[in-house]
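Visitor: Have a look; sequence and predicted model below, questions after that.
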Amino acid sequence: QRGEKFVKYIKENFTNDKVSFVDTKDLGHKDLIYDDSSAQEAIERFKKENVDAVFIVNCNFGNEEAAADIAKALGKPVLLWAPLDDEYYESGMRPTDSQCGLFGVSRQMQRFHIPFSHLPCCRVDSQEFKNGFESFVRVTCMVKNFSGLRIGQVGIRPTPFYSVIWNEGELMEKFGIKIIPINFALIEQRMNDVLNEKPAQMQEIADYIRKNYTMDDLTPQYVERMAAMVVMYKNLFKEFNLDAISAECWTATPIMFDGLAPCTSYGILNDMGYLVSCESDIHAILTMILLKCATLGEGKPLFGEFTVRHPENKNAELLWHCGPFPLSQKAESGVDSDARLVNQRSWFRAKDGKYTVARIDQESGNYMILPLVADTTKGPQTHGTYIWAEFDDLQKVEDRLMEGPYIHHFVEMAGDYKKEIKEFCKYYKNLSVDTFIE
């Protein structure tokens, strides 16, 4: 009965358009999994339903063997939780030892080398439970979507940018990530197809640009081509079954298309749910994907690089790029919040608030992610798309970036997902979290 009460509450309060549950109804002894036989029944049901994670609720002392067998067989993220033991009899006896048994379950997980997450021992209707469970859901989304990615590589890296080189073979071997090369001859052909056919979608995007941006004298002649590039990239996602694209931008695109800059088109695509990273930075697009998954697909990652220090605040930094931020992330007020297009490039400051600032990179095959958290602060108005971000100790951050394996390209996501990034790395032995800055 205790377990039924918890399962009922969890399903009623946490089922939504992104989360559903497969329980152990009619398995084991009154829905309880407690031995080899019932564990196998649960494994078969969970595999059939293709679950993305396993939530083990230790209603009493529990059965560590069954818990580990299920987790090992499924190979999915595992969440352990023991509800608060809060019932005591007048005789001095107690009916449950849930937390006590959880230590046995966790030790069995360790012996099997099974990574797991856990919630504090608490009441199911507490805010502590809600926060912890929802955080685990975000981690599950990150784990589910990161492996087996198909990343389109449009063009080659800018010639002077050795800093963005990547190892295609390692990405496939370590993470199952496939890089799909798309050369600029094909890009030119697909772009011309859109311009010649002039689909209705292209006109809608051109109207959107004219409506939402104040343009300088140089930009109007490019609006149709900017819209065509958005449509062309959307078509690439479908044609090559891509999860994201990393593109060469500021050298080849203007040459191929008579001065066209792709920056604003990337921002429009971001708002539509299509991620494109600038300057052929594969590691940046992987970070963008990871942070978007941390928001269950709702957030819009920003590609803002470490650019200059604040002239007065020693812990503030300009996180900037030439114009690829999505318009939905524009600040709501301020002289630098108006959306402008200056020679096709977006100029505006992004929203105020707390941001996760992170980057995946590697050195000699060792892949790491550095997760930082910063709050926006006031700073000088500048061109392009940007935020001024204040860190606890910017000098420590600078030292870490200088010592590597990181470069100036970082990704920002509104909200604090540092905890989720750390937890995610438990489930990817080939990616470690950088805890140098705490």
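Guide: Perfect, thanks for sending it. Numbers count the residues shown, from 1 in each chain.

Visitor: where's P158, which helix or strand?
Guide: Taking DSSP states H and E as the definition, P158 sits outside all helices and strands.

Visitor: tell me the pLDDT at it?
Guide: Listed pLDDT for P158 reads 78.

Visitor: how about the nearest residue to it, chain neighbours excluded?
Guide: Among residues not flanking P158 along the chain, T251 sits closest, at 5.5 Å (C-beta to C-beta, 6 or more residues apart in numbering). Quick note: C-beta positions are derived from backbone N, CA and C, even for glycine.

Visitor: How about I421?
Guide: Distances taken as C-beta to C-beta, 6+ apart put P371 closest to I421, at 4.3 Å, once the chain neighbours are dropped.

Visitor: A helix includes the one you found, no?
Guide: No. Checked against DSSP: H, G, I helix; E, B strand; the rest coil, P371 lies outside a helix; its state is strand.

Visitor: Backbone dihedrals for the residue nearest to P158, please?
Guide: Per-residue torsions, T251: phi -110, psi -50 (degrees, to the nearest 10).

Visitor: Please look at the residue nearest to I421 and K422 and confirm they touch.
Guide: Yes. Between P371 and K422 there is a contact under C-beta atoms under 8 Å: 7.1 Å.

Visitor: Now do the shared contacts for these two.
Guide: Counting by C-beta atoms under 8 Å, 6 or more residues apart in numbering, the shared contacts of P371 and K422 are V433.

Visitor: So for the two, which residue has more residues nearby?
Guide: Comparing P371 with K422 by neighbour count (other C-beta atoms under 10 Å), the higher total belongs to P371, at 24 against 15.

Visitor: residue boundaries of the helices in the stretch 101-250 of the chain?
Guide: Along the stretch 101-250 of the chain, counting by DSSP state H, counting those that start in this stretch, helices occupy 127-146, 168-175, 184-197, 200-212, 223-239.

Visitor: Residues contacting the second one, please?
Guide: Which is helix 168-175. With C-beta under 8 Å, 6+ apart, helix 168-175 has contacts from 146-147, 149, 177-179, 282, 362, 365, 367, 428, 430-431.

Visitor: cool, and stretch 271-280?
Guide: Contacts with stretch 271-280, where a contact means C-beta under 8 Å, 6+ apart, come from 153, 155-158, 161, 164, 230, 233-234, 237, 243-250, 263, 266, 269-270, 284-285, 288-289, 292, 297, 300-301, 303, 321-322, 324, 326-328, 409.

Visitor: Strands - which of these land there?
Guide: Among the contacts of stretch 271-280, DSSP state E puts Q153, A244, I245, S246, A247, F303, H321 in strands.

Visitor: The fifth one is in contact with I156, isn't it?
Guide: Put plainly, it is A247. No. A247 is beyond contact range of I156, at 10.4 Å (criterion: C-beta under 8 Å).

Visitor: So between the two, which is more surrounded?
Guide: Ranked by neighbour count (other C-beta under 10 Å), A247 and I156 place A247 first, with 24 against 13.

Visitor: The more buried one: what's it in contact with?
Guide: By C-beta under 8 Å, 6+ apart, the residues touching A247 are G152, V154, G155, P262, Y266, V276, S277, C278, S280.

Visitor: Next, find the distance separating it from T253.
Guide: 8 Å (C-beta to C-beta, to the nearest Å).

Visitor: Could you please give me the overlap between the contact lists of the two?
Guide: Taking C-beta under 8 Å, 6+ apart as the criterion, A247 and T253 both touch P262.

Visitor: one step back: next one: the residue nearest to P158 from R157, what distance?
Guide: Counting by C-beta to C-beta - T251 and R157 are separated by 10 Å.

Visitor: With F348 instead?
Guide: F348 is 28 Å from R157, by C-beta to C-beta.

Visitor: swap in L80?
Guide: 44 Å.

Visitor: Narrow the contacts of stretch 271-280 to those that are buried.
Guide: The neighbour count (16 or more other C-beta atoms under 10 Å) marks 153, 155, 157-158, 164, 230, 233-234, 237, 243-249, 263, 266, 269-270, 284-285, 288-289, 292, 300-301, 303, 321-322, 324, 326-327, 409 as buried among the contacts of stretch 271-280.

Visitor: Next up, the contacts around the closest residue to R225 other than its chain neighbours.
Guide: Among residues not flanking R225 along the chain, L260 sits closest, at 5.0 Å (C-beta to C-beta, 6+ apart). The contact partners of L260, taken as C-beta under 8 Å, 6+ apart, are Y222, R225, M226, M229, T253, P254, Q344.

Visitor: Help me confirm that L260 is found in a strand?
Guide: No. According to three-state DSSP, L260 belongs to no strand; its state is coil.

Visitor: Need phi/psi at A414.
Guide: phi -60, psi 130.

Visitor: So what sits opposite it in the bridge?
Guide: As for beta bridges, A414 partners with Y355 under DSSP bridges.

Visitor: I'd like to check which residues are in contact with it.
Guide: Taking C-beta under 8 Å, 6+ apart as the test, what A414 contacts is G299, K300, Q329, K351, G353, K354, Y355.

Visitor: From L119, how far out is it?
Guide: 25 Å.

Visitor: need the strands for the stretch 1-150 of the chain, in chain order.
Guide: Listed in chain order, the strands of the stretch 1-150 of the chain (DSSP state E, counting those that start in this stretch) span 54-57, 78-81, 117-118, 150-154.

Visitor: Packed most tightly, which of the ones you listed would that be?
Guide: When the strands of the stretch 1-150 of the chain are scored by mean count of other C-beta atoms under 10 Å, the highest mean neighbour count falls to strand 78-81 (a mean of 23).

Visitor: Please list the residues outside the helix-or-strand element of the chain with minimal mean pLDDT that contact it.
Guide: In the chain, no helix or strand scores lower on mean pLDDT, DSSP states H and E than helix 252-256, which sits at a mean of 90. Residues from elsewhere that reach helix 252-256, judged by C-beta under 8 Å, 6+ apart: G155, F184, I187, E188, M191, L260, A261, P262.
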